[in-house]
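just a sequence and a predicted model for now, questions to come.
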2 protein chains.
Amino acid sequence: MAEDRPVFSGMSLSHLERVLVRLLVGIGMRQKDARPVAWAYTVMTGRAIGHHDVSGFPGLLSRLEKGTLAARPNIRVVKDSAAVAVLDGDGAPGPLAAYRTMECALRKARSYGVGFACVRNSSHFLGAAPYALLAAQHGMIGIAASNTIPTMGTGASADRAIGNNPWGFSAPGENFPFLFDICNAYASYGKLHQYAAAGWKIPDCWGLDRRGKPTTDPKEVLDKGVPLPVAGHKGFGISVLVELLTAALSGGALTDEILENSRRGDNFSQAALALDIRRFLPVRRFRLKAGEMERRLKAHPLLDEDNPTLLPGERSFRALQRIKEQGVALSESTVIRLNEWCRKLNIGPEGCPARKER
Amino acid sequence: MAEDRPVFSGMSLSHLERVLVRLLVGIGMRQKDARPVAWAYTVMTGRAIGHHDVSGFPGLLSRLEKGTLAARPNIRVVKDSAAVAVLDGDGAPGPLAAYRTMECALRKARSYGVGFACVRNSSHFLGAAPYALLAAQHGMIGIAASNTIPTMGTGASADRAIGNNPWGFSAPGENFPFLFDICNAYASYGKLHQYAAAGWKIPDCWGLDRRGKPTTDPKEVLDKGVPLPVAGHKGFGISVLVELLTAALSGGALTDEILENSRRGDNFSQAALALDIRRFLPVRRFRLKAGEMERRLKAHPLLDEDNPTLLPGERSFRALQRIKEQGVALSESTVIRLNEWCRKLNIGPEGCPARKER
């Protein structure tokens, strides 16, 4: 898609974050709720993975405008019991509900060493990275997970039967924070779309076409085909665990009970676990230990000198450093759509993502 | 291996467990420590996966005799802080250290809703299943993990650089307990040995030969080749998480610092997490919710009517039912070796695994 090539690269991430906050407040969100949502989109954009980032932000604004997501949700703790809690997201944007859930787990972990919280009546949370990273920024190990609509086969099913149920972790590291954010299929829809757009083939273990046959064409998987769980029962089992930790414990919706873009609420569920490293050893010593692991792993000979062993979060950390030097790369269509929303919500030029001179 | 076909099928699991307790006490373990070790071997044997089960028990006895594992370890809590704890395994057999670690996490979870414990100076724990299952038997969700000697490539390394770091979970279910026990490589060594013994090929994504080339011959992977992490960075990242939760938090050994069969101690590390379901909803309602998920997943059309969608733990639960009806199947070599140990430790005929009449 020629019109979707990155054209704008001058804006800083912090400028982008301010624009997103203004847009969310413009559409009716409270400032205190707009900030975590804008931050989550900014973190995902800073990872430079090309999906579940600011390119989806105009879609969020549309849903808030239509009311299929609550702009002023009453997110509340419905069960609070020592180191664990259940929240009700009240139809909030997923990034807000997931952020509040990890905040709750972090408070619990500060008090007890470990904390766990889950939330029902949430929606798509973009990815696990922002909420896990929040824990690492507080000197903790964080694990975040979400269920989602059926997007993956069970390994035995001929159709999509369970969410690819993204999850991830973060922890402080010596040179960069560990940051891991995956789904339990070989490839997320975002990745399949990237391969399709680039005209690349996929390995035939990644998915089935609509007739249930393995295919190397990502378009055939996207078009009513079936993405497959990593290593069959392994990825499927992890998705089942995520359903139990998110929906079963929170009283949320399971697998094909989950809706999308519904006025009755999407009813995704999320979970957050936080472990306070200070209860085990000084965070500084944990970082050194993490660095020791990194050095040991990198000391091994490589299959290909140009492809070093990268620790979880290392690639995205380098992407973030580049973005901090060069600014964000946004596609032309994203810039156009964000500017349309700026005009619509009366956000002046100082707040807009200006088109870069060419 | 013709001499290794199952020949003994009359003994019950509980008889087997009593034999193992007597052997462990015979070699010098305390009764209270022998029981969990025998139980862990019995659980693994009841899963009928054919490795990391009682066939390895004579090897455990040899190590206890030689003193490379401590028969009377002083397993102690070295850090105890609200809902988290660190244990020192004092060179105990891995199943004992891992069992005590999950017991500790369960106590914490009973008090706080969630509990986490990790242990250093442990050894190989067989698999995550027994310790996770212990949590489910107490109405909790349990997650257990272990690091291990480098057994897997990083995805970029030309040699084995990190453990395949087994982990798993269990939770109460409606018809059987969920039970999930995997390593982060496509195939454990046990599975590679099974394929090699059967003369089967493996998919070429499972591992590299000693020259770093993908191979479909399991023997080439076993012979100084490199098992590969599931889905590249995904399996590698999970192994890194396990290192952080086990060794980094407990002060244990990392990746190639870990030893095996060493007089200085193997220094594996394990971790256990327990979530008390009662703090969220009645366990009965959790079971119903789990059953609802199972029904929804099984309602989807199948690729092959003979291969239904199996939930984690369903296959091993059926295997256990068969064993309860028909008795355990042990290989002839295992029966011979167990009986040699019975003679050596003066355990009378009533305690021995008798050879079945043929």
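Perfect, thanks for sending it.

residues in contact with the most centrally placed residue in chain A?
Residue closest to the average C-alpha location in chain A (Cα atoms, centre = their mean): A:Gly127, at 1.1 Å. Shown in contact with A:Gly127 (Cβ atoms under 8 Å, 6 or more residues apart in numbering or on different chains): A:44, A:52, A:166, A:168, A:181. No exception for glycine: its C-beta is placed from N, CA and C like everyone else's.

what helix or strand does it sit in?
Using DSSP states H and E, A:Gly127 maps to neither a helix nor a strand.

please apply the same query to the one 3 residues further on.
Using DSSP H and E, the element containing A:Pro130 is helix A:129-137.

and the helix or strand following that helix with helix A:129-137, angle?
Downstream of helix A:129-137, the next assigned helix or strand under DSSP H and E is strand A:140-146. Angle of strand A:140-146 versus helix A:129-137, following axes from the mean of the first three to the mean of the last three Cα atoms, to 10 degrees, is 160 degrees.

average pLDDT for stretch A:203-214?
Stretch A:203-214 carries an average pLDDT of 95.

other residues contacting it?
Here stretch A:203-214 has contacts from A:153, A:158, A:185-187, A:192, A:215-218, A:220-221, A:223-228, B:203, B:205, B:303, using Cβ under 8 Å, 6+ apart.

if you set the cut-off to 7 Å instead, what comes out?
A:153, A:158, A:186-187, A:215-216, A:220-221, A:223-228, B:205, B:303 (Cβ atoms under 7 Å, 6 or more residues apart in numbering or on different chains).

what sits opposite A:Phe169 in the beta ladder?
A:Ile143, A:Phe180 (DSSP bridges).

picking up where we left off before, pull out the buried positions in the helix holding A:Pro130.
Using 16 or more other Cβ atoms under 10 Å in any protein chain shown as the burial criterion, the residues of helix A:129-137 that qualify are A:129-136.

I'd guessed A:Met293 sits against B:Val242; true?
No. In this structure, A:Met293 is not within contact of B:Val242 by Cβ atoms under 7 Å, at 11.3 Å.

the strands in chain A, which residues?
Counting by DSSP state E, chain A has strands at residues A:6-8, A:76-81, A:84-88, A:114-122, A:140-146, A:167-171, A:178-182, A:207-208, A:226-227, A:268-276, A:330-331.

how close does the residue nearest to A:Asn307 when sequence neighbours are not counted get to B:Arg47?
Nearest residue to A:Asn307, sequence neighbours excluded (Cβ to Cβ, 6 or more residues apart in numbering or on different chains): B:Ala156, at 5.1 Å. According to Cβ to Cβ, to the nearest Å, B:Ala156 stands 33 Å off from B:Arg47.

in TSV: the strands of chain A, plus mean neighbour count and distance to A:Val283.
Formatted as TSV, the strands of chain A follow (neighbours: other Cβ atoms under 10 Å in any protein chain shown; distance: least, Cβ to Cβ, whole Å):
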stretch	mean neighbour count	distance to A:Val283
strand A:6-8	17	37
strand A:76-81	14	27
strand A:84-88	25	24
strand A:114-122	30	16
strand A:140-146	29	9
strand A:167-171	28	10
strand A:178-182	26	13
strand A:207-208	23	41
strand A:226-227	26	38
strand A:268-276	31	9
strand A:330-331	22	35
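
now tabulate those strands in TSV and tack on distance to B:Val37.
Compiled in TSV, the strands of chain A are given as follows (distance: least, Cβ to Cβ, whole Å):
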stretch	distance to B:Val37
strand A:6-8	59
strand A:76-81	34
strand A:84-88	31
strand A:114-122	27
strand A:140-146	30
strand A:167-171	31
strand A:178-182	34
strand A:207-208	43
strand A:226-227	42
strand A:268-276	28
strand A:330-331	59
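
okay, now the domains of chain A?
A:73-185+A:230-313, A:189-228 (automatic domain parsing).

determine which stretch of the ones you listed is the most buried.
Of the domains of chain A, the one with the most neighbours on average (mean count of other Cβ atoms under 10 Å in any protein chain shown) is domain A:73-185+A:230-313, at a mean of 23.

and that one, how far apart are its ends?
32 Å (Cα to Cα, to the nearest Å).

also stretch A:169-176?
End-to-end distance (Cα to Cα), stretch A:169-176: 14 Å.

which residues in the stretch 251-358 of chain A form helices?
Along the stretch 251-358 of chain A, the segments classed as helices by DSSP state H, counting those that start in this stretch run A:283-298, A:314-326, A:332-344.

in a markdown table, list the ones you listed along with mean pLDDT and distance to chain B.
As requested, the helices of the stretch 251-358 of chain A are exported to a markdown table (pLDDT from 0 to 100; distance: least, Cβ to the nearest Cβ, whole Å):
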| stretch | mean pLDDT | distance to chain B |
| --- | --- | --- |
| helix A:283-298 | 97 | 5 |
| helix A:314-326 | 95 | 9 |
| helix A:332-344 | 92 | 27 |
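
tabulate those (JSON lines), appending distance to B:Leu275.
Listed next are those as JSON lines, based on distance: least, Cβ to Cβ, whole Å:
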{"stretch": "helix A:283-298", "distance to B:Leu275": "24"}
{"stretch": "helix A:314-326", "distance to B:Leu275": "29"}
{"stretch": "helix A:332-344", "distance to B:Leu275": "40"}
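
how about the ones you listed, which one is nearest B:Ala105?
helix A:283-298 (19.9 Å; Cβ to Cβ).

who's in contact with stretch A:316-324?
A:13, A:46-48, A:176, A:179.

now, among the residues you listed, which is nearest to chain B?
Nearest to chain B among the contacts of stretch A:316-324 is A:Leu179, at 9.4 Å by Cβ to the nearest Cβ.

name the nearest residue to that closest one, ignoring sequence neighbours.
In space, A:Leu179 is closest to A:Gly313, 3.2 Å off (Cβ to Cβ, 6+ apart).

ok, the one you found to A:Ser146 distance?
19 Å.

give me the residue from the stretch 101-250 of chain A nearest chain B.
Counting by Cβ to the nearest Cβ, the stretch 101-250 of chain A gets nearest to chain B through A:Gly113 (3.5 Å).

does that residue touch A:Ala274 like I think?
No. Using Cβ under 7 Å, A:Gly113 is not in contact with A:Ala274; the gap is 9.5 Å.

now the longest helix seen in chain A: how far from the chain's centre is it?
Looking across chain A with DSSP state H, the single longest helix is helix A:94-112. From the chain centre to the centre of helix A:94-112 is a distance of 16 Å (Cα atoms, centre = their mean, to the nearest Å).

what angle sits between it and strand B:114-122?
Between the axes of helix A:94-112 and strand B:114-122, defined by the same axes, to 10 degrees, the angle is 70 degrees.

other SSEs contacting helix A:94-112?
Packing partners of helix A:94-112 (3 or more Cβ pairs under 7 Å, 6 or more residues apart in numbering or on different chains; DSSP states H and E): helix A:31-46, strand A:84-88, strand A:114-122, helix A:129-137, strand A:140-146, strand A:268-276.

rebuild these as a markdown table, extending it with mean pLDDT and distance to B:Lys298.
Putting the helices and strands packed on helix A:94-112 into a markdown table (pLDDT from 0 to 100; distance: least, Cβ to Cβ, whole Å) gives the following:
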| stretch | mean pLDDT | distance to B:Lys298 |
| --- | --- | --- |
| helix A:31-46 | 98 | 35 |
| strand A:84-88 | 98 | 27 |
| strand A:114-122 | 98 | 24 |
| helix A:129-137 | 98 | 32 |
| strand A:140-146 | 98 | 23 |
| strand A:268-276 | 98 | 21 |
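
pipe these into CSV and attach distance to B:Asn307 per row.
Shown next, in CSV, are the helices and strands packed on helix A:94-112 (distance: least, Cβ to Cβ, whole Å):
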stretch, distance to B:Asn307
helix A:31-46, 37
strand A:84-88, 37
strand A:114-122, 32
helix A:129-137, 35
strand A:140-146, 28
strand A:268-276, 29
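
show me the one of these that comes nearest A:Cys342.
helix A:31-46 (14.0 Å).

relative orientation of the closest one and helix A:129-137 in degrees?
Using the same axes, to 10 degrees: helix A:31-46 against helix A:129-137 is 100 degrees.

pull out the buried positions in helix A:31-46.
A:33-46.
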